[in-house]
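Trainee: curious how this folds, go ahead:
(3 chains)
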Amino acid sequence: MREYLENVRRRAPLIHNITNYVTVNDVANMLLACGASPIMSDEAEDVEDITSVCAGLNINIGTLHKPSIEAMFRAGRRAVSLGHPILLDPVGAGASSLRTETALGLMRELPLTVIRGNISEIKTLALGSGTTRGVDADVADAVTEENLDAAINFVKAFAQRTKAIIAVTGAIDLVSDGKACYVIRNGRPEMGRITGTGCQLSGMMTAFVTANPEHPFEAAAAAVCAMGLAGEIGFGRMQEGDGNSTYRNRIIDAIYNMSGETLEKGAKYERR
Amino acid sequence: MREYLENVRRRAPLIHNITNYVTVNDVANMLLACGASPIMSDEAEDVEDITSVCAGLNINIGTLHKPSIEAMFRAGRRAVSLGHPILLDPVGAGASSLRTETALGLMRELPLTVIRGNISEIKTLALGSGTTRGVDADVADAVTEENLDAAINFVKAFAQRTKAIIAVTGAIDLVSDGKACYVIRNGRPEMGRITGTGCQLSGMMTAFVTANPEHPFEAAAAAVCAMGLAGEIGFGRMQEGDGNSTYRNRIIDAIYNMSGETLEKGAKYERR
Amino acid sequence: MREYLENVRRRAPLIHNITNYVTVNDVANMLLACGASPIMSDEAEDVEDITSVCAGLNINIGTLHKPSIEAMFRAGRRAVSLGHPILLDPVGAGASSLRTETALGLMRELPLTVIRGNISEIKTLALGSGTTRGVDADVADAVTEENLDAAINFVKAFAQRTKAIIAVTGAIDLVSDGKACYVIRNGRPEMGRITGTGCQLSGMMTAFVTANPEHPFEAAAAAVCAMGLAGEIGFGRMQEGDGNSTYRNRIIDAIYNMSGETLEKGAKYERR
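Mentor: From the prediction side, this is the model:
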């Protein structure tokens, strides 16, 4: 896994983010922490120029506005024409028609490189159902040791159908390109008590995929390992009285300080 | 006070926030810290669906946009039809016509459960005057030991007229349902040097009111106590060289770690 | 330099910020840290009222929207009519036509007090070229000891032409009013790994200029020294495992705790 992180640090890709205003600052700092550079723009008349000076595009639908939806499509088409990887984070798909339809529309129109979400969001996109609870996955959908084989098959099949890398994150993370599937067991449950760890991962994953154009599948899995490992390292630095706000800082800090070697040693995954 | 916090943690209400982009991340982390879940949406075509999957609605006018104003009314009407509590935080009412008129319009159209603001904002809504200094209360309006009786009467009368719980926060906090009034003396003056402590409280208060449907008045007062107590606990953890940015984290952390028992013991209030 | 900071703390100017949603929270906390008060509004129908209750205007084009561009012009005209200082931070000028044209349009229409950006942004505005790399300065443009004289002459000439104070920040910072030029060597390279240090400086500089109406040039330079010194102080407080997210907090904290005397002693500048 080490080379995928090291390539981000070496190549320092500039990533265009069309993302929600809730977690945007943390996404920017996470991109800087991993060695990439962020730029944000969601104005339709600005995004084509901005995407053109970038190397990858991160689309996150966490707080949609009608004008920003147009910006997502315009930036996406330009990114396709330039051969840039595009990641879609379908935040809240299943919680509203606008979110579900926007995510499905982006999937139809753009050859996405990666779709990263929680299991409820991905089920919504794959099956037209799923029981999204706002922006959090529903317990009924969770990937567990008991339903792991079925979950892997589901993710693989969806990756085959969409021709995108599918990354489903939760207690157990699954990343599939349609042929193989990484099963990743890094992370801490307390990460779910911080807003935006998923958004931060999507930003960082876009950088990993962009900086590793010949190995986007492995790089996407490496980003998941790095995020989970940062959650473990950050948790280990928590002191009495610290809570989710400090934990947020420590996770970004852990990425900032993570070497390829640390990632290599700390990544807990199997490839099936 | 303990049961009101414990009910938030047990029931984990999903709260829809239409709030400003300045402090939105801290509002989300504060909601997670107290045991609730946040979702943000301010797009008119998205908000009805989102409010429908939530249990309470927090409307904050800190950075109004014309489209988000429409979203506030649409979400509000849907919340009313579903019986969800609605909190209004009239940030900057009195500082601009658009803010004042939007707040008054929301008050006219929606049966609000709570209105929470600083004394200048509340005076603006109650009296059509007040000397709001931007988003901060004016010193001339401040609730002090000297004018406390008059302030209590003012807040009670406004609560009676609006049929909403009125929460006025400052050095001394007042929360009234029109019959009684909590006088709360938790908190630290340094909290005023952090952006968004009021917005965070409004988010958390929405969760408290939502998770305690049979005792919204007491729950609103408990949220005020919790926030002030978190300010005290957070301040006690400050180290040399720490300032307002670290203090912000420590306050959210203090809510994250606050037990019902801690709240019960630390709450400083009288009910008049 | 001490009196310029002390005047901010004593006069506590209220600053209207039309700024990007990426770093807005840090800008608000930085303004509070230095003793000023922030208010944010970018809705065209709100900004004239808001600017009228403020004392200075900070315009930052980091995430433009068509409606917010109109708000910049409307707020700017009102600020001019009231005699308020206006600062422009041309984030990403050169990276898109919309950004470049908006910045140039604001320069044409409004008598700006200060323009603060990185060297690539300023070159774009001055020369119609520059090699902006997203929101970061390009290495090819950097001000170094080798090209320092030429850079000073460039900044002075641009200040003369625009009749604005020009502040170019980077490894070496230059601030000129067209006659003299401060050359400032505070700061740490690690500050570039935090999102928004430039935006925070622009907010704080607006407060400095507003609180020192008779010495805007010296006050702008003092703000640059304060920010760089805060970067040094914050860095000195970093512990093992800390990274860019914690560093962000420590820099704001350092401004919060900075006395005029600390600034006076720590400022590293020459006036040419």
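
Trainee: C-alpha only now, for contacts and for neighbours.
Mentor: OK.

Trainee: excluding its backbone neighbours, what's nearest residue A:26?
Mentor: Using C-alpha to C-alpha, 6 or more residues apart in numbering or on different chains and skipping residues adjacent in sequence, the residue nearest residue A:26 is residue A:200, 6.5 Å away.

Trainee: sorry, slip of the keys, the one I care about is residue A:100.
Mentor: Nearest one to residue A:100, counting by C-alpha to C-alpha, 6+ apart, is residue A:93 at 4.5 Å.

Trainee: sorry, back to before: burial of the residue nearest to residue A:26, as a residue count?
Mentor: By other C-alpha atoms under 10 Å in any protein chain shown, 22 other residues sit near residue A:200.

Trainee: buried sites along whichever strand or helix holds it?
Mentor: In the assignment (DSSP states H and E), residue A:200 maps to helix A:197-211. By 16 or more other C-alpha atoms under 10 Å in any protein chain shown, the buried positions in helix A:197-211 come out as A:197-211.

Trainee: please apply the same query to stretch A:227-240.
Mentor: Within stretch A:227-240, the residues that count as buried by 16+ other C-alpha under 10 Å are A:227, A:228, A:229, A:230, A:231, A:232, A:233, A:234, A:235, A:237.

Trainee: quick check: which of those residues are also close to chain C?
Mentor: When C-alpha under 8 Å from any C-alpha of the partner chain is applied, no member of the buried residues of stretch A:227-240 is adjacent to chain C.

Trainee: okay if I get those as a markdown table plus distance to residue A:136?
Mentor: Shown next, in a markdown table, are the buried residues of stretch A:227-240 (distance: C-alpha to C-alpha, whole Å):
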| residue | distance to residue A:136 |
| --- | --- |
| A:227 | 18 |
| A:228 | 17 |
| A:229 | 21 |
| A:230 | 21 |
| A:231 | 18 |
| A:232 | 21 |
| A:233 | 23 |
| A:234 | 22 |
| A:235 | 21 |
| A:237 | 26 |
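
Trainee: tally of neighbours for the residue in the stretch 151-272 of chain A that chain B sits nearest to?
Mentor: Closest to chain B within the stretch 151-272 of chain A is residue A:243: 3.9 Å, counting by C-alpha to the nearest C-alpha. Using other C-alpha under 10 Å, residue A:243 is surrounded by 25 other residues.

Trainee: once you drop chain neighbours, what's closest to it?
Mentor: Excluding its sequence neighbours, the residue lying closest to residue A:243 (C-alpha to C-alpha, 6+ apart) is residue B:253, at 3.9 Å.

Trainee: remind me which residues of the stretch 51-200 of chain A are low pLDDT?
Mentor: Flagging of the stretch 51-200 of chain A using pLDDT under 70 yields the residue ranges A:129-135, A:139.

Trainee: change it to 90
Mentor: A:128-141 (pLDDT under 90).

Trainee: which residues of it lie near chain C?
Mentor: Contacts of the stretch 51-200 of chain A with chain C, taken as C-alpha under 8 Å from any C-alpha, map to A:53, A:54.

Trainee: how about stretch A:136-154: buried residues?
Mentor: A:136, A:137, A:138, A:141, A:142, A:143, A:151, A:152, A:153, A:154.

Trainee: closest to chain C out of the residues you listed?
Mentor: Set against chain C, the nearest of those by C-alpha to the nearest C-alpha is residue A:136 (23.0 Å).

Trainee: follow-up on the earlier one: so the residue nearest to residue A:243 lies in a strand, does it not?
Mentor: No. The assignment for residue B:253, made by DSSP: H, G, I helix; E, B strand; the rest coil, is helix rather than a strand.

Trainee: looks like it contacts residue A:244 (just checking).
Mentor: Yes. Under the criterion of C-alpha atoms under 8 Å, residue B:253 makes contact with residue A:244 at 5.9 Å.

Trainee: quick one: which of the two has more around it?
Mentor: residue A:244 (28 against 25).

Trainee: for that one, give me the pLDDT.
Mentor: With respect to pLDDT, residue A:244 scores 98.

Trainee: quick one, what contacts it?
Mentor: Shown in contact with residue A:244 (C-alpha atoms under 8 Å, 6 or more residues apart in numbering or on different chains): A:190, A:193, A:194, B:29, B:33, B:252, B:253, B:256.

Trainee: make it 6 Å
Mentor: Contact analysis of residue A:244 by C-alpha atoms under 6 Å, 6 or more residues apart in numbering or on different chains lists A:194, B:253.

Trainee: next one: residue A:270
Mentor: A:182, A:183.

Trainee: now it: which helix or strand?
Mentor: Following DSSP H and E, one finds residue A:270 within strand A:269-271.

Trainee: give the rounded mean pLDDT of that strand.
Mentor: pLDDT averaged over strand A:269-271 gives 98.

Trainee: direction included, what does that strand pair up with?
Mentor: strand A:181-184 (antiparallel) (DSSP bridges).

Trainee: related to what we said a few turns ago, which one of the buried residues of helix A:197-211 is nearest residue B:184?
Mentor: residue A:197 (35.3 Å; C-alpha to C-alpha).

Trainee: now the closest one: closest residue in space, sequence neighbours ignored.
Mentor: residue A:191 (6.8 Å).

Trainee: that neighbour in helix, strand or coil?
Mentor: State at residue A:191, reduced to three classes by three-state DSSP: helix.

Trainee: from what I see, the residue nearest to residue A:26 and residue A:29 are in contact.
Mentor: No. Applying C-alpha atoms under 6 Å, one finds residue A:200 not in contact with residue A:29, separated by 8.6 Å.

Trainee: can you list the residues of the stretch 151-272 of chain A near chain B?
Mentor: Within the stretch 151-272 of chain A, the positions lying close to chain B (C-alpha under 6 Å from any C-alpha of the partner chain) are A:193, A:195, A:242, A:243, A:244, A:245, A:246.

Trainee: could you work out the most separated pair of those?
Mentor: The largest separation in these, counting by C-alpha to C-alpha, is between A:195 and A:242 at 15.8 Å.

Trainee: which of the two has more neighbours?
Mentor: residue A:195 (28 against 21).

Trainee: contacting residues for that one?
Mentor: residue B:29.

Trainee: could you do residue A:88 as well?
Mentor: Per C-alpha under 6 Å, 6+ apart, neighbours of residue A:88: A:59, A:60, A:115.

Trainee: for the stretch 1-150 of chain A, which segments count as helices?
Mentor: Assigned helices in the stretch 1-150 of chain A, in chain order: A:2-11, A:24-34, A:44-53, A:66-82, A:97-109, A:119-127, A:148-162 (criterion: DSSP state H, counting those that start in this stretch).

Trainee: output the fifth one in PDB, but only the C-alpha positions, please.
Mentor: These are the backbone C-alpha positions of helix A:97-109, laid out as PDB (Å, rounded to 0.1, in the frame of the first residue of the first chain):
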ATOM      1  CA  SER A  97     -35.500  12.200  -4.500                       C
ATOM      2  CA  LEU A  98     -33.300  15.100  -5.400                       C
ATOM      3  CA  ARG A  99     -30.200  13.300  -4.000                       C
ATOM      4  CA  THR A 100     -31.100   9.900  -5.400                       C
ATOM      5  CA  GLU A 101     -31.900  11.300  -8.900                       C
ATOM      6  CA  THR A 102     -28.900  13.500  -9.000                       C
ATOM      7  CA  ALA A 103     -26.600  10.600  -8.100                       C
ATOM      8  CA  LEU A 104     -28.300   8.300 -10.700                       C
ATOM      9  CA  GLY A 105     -28.100  11.100 -13.300                       C
ATOM     10  CA  LEU A 106     -24.400  11.500 -12.700                       C
ATOM     11  CA  MET A 107     -23.900   7.800 -12.900                       C
ATOM     12  CA  ARG A 108     -25.700   7.600 -16.300                       C
ATOM     13  CA  GLU A 109     -24.000  10.600 -17.800                       C
END
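
Trainee: what does it contact?
Mentor: Outside helix A:97-109, the residues that touch it by C-alpha under 6 Å, 6+ apart are A:90, A:93, A:94, B:46.
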